[in-house]
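**Q** sequence below, structure please.
(chains A, B and C)
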Amino acid sequence: MAMDLYELLSRLEARYEVGSWWPSSSAFEVMVGAILTQQTNWRNVERALQLIREGPGLDVHAIASTPLEELEGMVRPAGFYRQKAARLKWIAGYLVEMHQGDPEGILGKDVEDARKELLSLPGVGKETADSILLFAGGRPKFVAAAYTSRILSRTGVLDSTDYDEIQEFVESWLPRNTAVLSGLYARMVVLAKEHCLSTPRCGGCPLSDGCAFNRR
DNA sequence: ACCCAGGTGGCCC
DNA sequence: GGGCCACATGGG
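**A** Sure, this is the predicted structure:
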């Protein structure tokens, strides 16, 4: 019953077409989206992003100089709006002060240095840092999100909820290639949204014969 | 009236 | 180092 990682990847690739994935046009926009989407549906993130676009714009200097209360109003639909707004403003200010407002000042560094610097920012944990490295920096990092952990364990590929363990497992078995790792992550999110895998309580979906995903 | 969403940080032992 | 908890809006 249990499949391995290669089998899972090939089934996902056969089922879903995913191009370059994260819906954004700039590195800073990826960073903003990565913060806003924490524990939040992307639909709500889009609402907040749109309010920011209509206001100061998704621009480092603009965000850095937007009054906090104003930013909170735009972030509100994405939830946790007080902390998210404060963190976004802090990060924008940091980029202005330390890197002339250019995210490349971080992303252009050696991967591990860039990761450490991202992790030092408020509101940036492992998953957010790796999302930014992968989708804004084009670095071959696997993002071990809640969805990926669920899918890996329910398909019998890897039973773990430990971030580092999941990431190391995937990165050690697959080529360290940005397109492969971003494609896998993106397809897992699409799968999760389509199936009961998106809920923590669903049991047998990927393991049952009736599950669409299991039927090739 | 629940439960859930592409987590993080702070506090406790 | 692990186990809780607050953070908050919008949808099913």
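
**Q** spit out the contact partners of the most centrally placed residue in chain A.
**A** The centroid of chain A falls nearest to residue A:131 when counting by CA atoms, centre = their mean (4.2 Å). With contact set as CB atoms under 8 Å, 6 or more residues apart in numbering, residue A:131 has these partners: A:22, A:30, A:34, A:143. No exception for glycine: its C-beta is placed from N, CA and C like everyone else's.

**Q** sec struct for the closest residue to residue A:51 other than its chain neighbours, please.
**A** Leaving aside its chain neighbours, residue A:51 sits nearest to residue A:74 (3.9 Å; criterion: CB to CB, 6 or more residues apart in numbering). Using DSSP: H, G, I helix; E, B strand; the rest coil, the three-state assignment for residue A:74 comes out as helix.

**Q** and for residue A:74, the neighbour number?
**A** Using other CB atoms under 10 Å, residue A:74 has 23 other residues around it.

**Q** surely it meets residue A:47?
**A** No: Residue A:74 sits out of contact with residue A:47 when judged by CB atoms under 8 Å, with a separation of 9.3 Å.

**Q** so is the least confident helix or strand in chain A by mean pLDDT next to DNA strand C?
**A** Lowest mean confidence among the helices and strands of chain A (mean pLDDT, DSSP states H and E): helix A:146-154, at a mean of 89. No: on the criterion CB under 7 Å from any atom of the strand, helix A:146-154 is out of touch with DNA strand C, staying 12.8 Å away.

**Q** buried ones in whichever helix or strand comes after that helix, by neighbour count?
**A** Next helix or strand after helix A:146-154 toward the C-terminus (DSSP states H and E): helix A:163-173. Within helix A:163-173, the residues scored as buried using 16 or more other CB atoms under 10 Å are A:163, A:166-167, A:169-170.

**Q** now do stretch A:32-47
**A** Across stretch A:32-47, burial judged by 16+ other CB under 10 Å covers A:32-38, A:40, A:45-47.

**Q** which ones among those residues lie within helices?
**A** With helices taken from DSSP state H, the overlap with the buried residues of stretch A:32-47 comprises A:32-36, A:45-47.

**Q** since we're on residue A:56, how many residues are nearby?
**A** Neighbour count of residue A:56, defined by other CB under 10 Å: 19.

**Q** so which residues of chain A form helices?
**A** Using DSSP H, helices in chain A cover A:5-15, A:27-36, A:42-54, A:60-64, A:68-75, A:81-99, A:104-107, A:111-119, A:126-135, A:146-154, A:163-173, A:178-194.

**Q** name the residues of chain A found near DNA strand C, please.
**A** A:39-41, A:43-44, A:47, A:76-77, A:79-84.

**Q** those residues also near DNA strand B: which ones?
**A** Answer for the residues of chain A next to DNA strand C near DNA strand B (CB under 7 Å from any atom of the strand): A:39-41, A:44, A:79-80, A:83.

**Q** of the residues you listed, which is the nearest to residue A:17?
**A** residue A:41 (22.7 Å; CB to CB).

**Q** could you chop chain A up by domain?
**A** Per automatic domain parsing, the structural domains of chain A span A:5-19+A:142-215, A:27-135.

**Q** give me the residue from chain A nearest DNA strand B.
**A** Nearest residue of chain A to DNA strand B, counting by CB to the nearest atom of the strand: residue A:125, 2.5 Å away.
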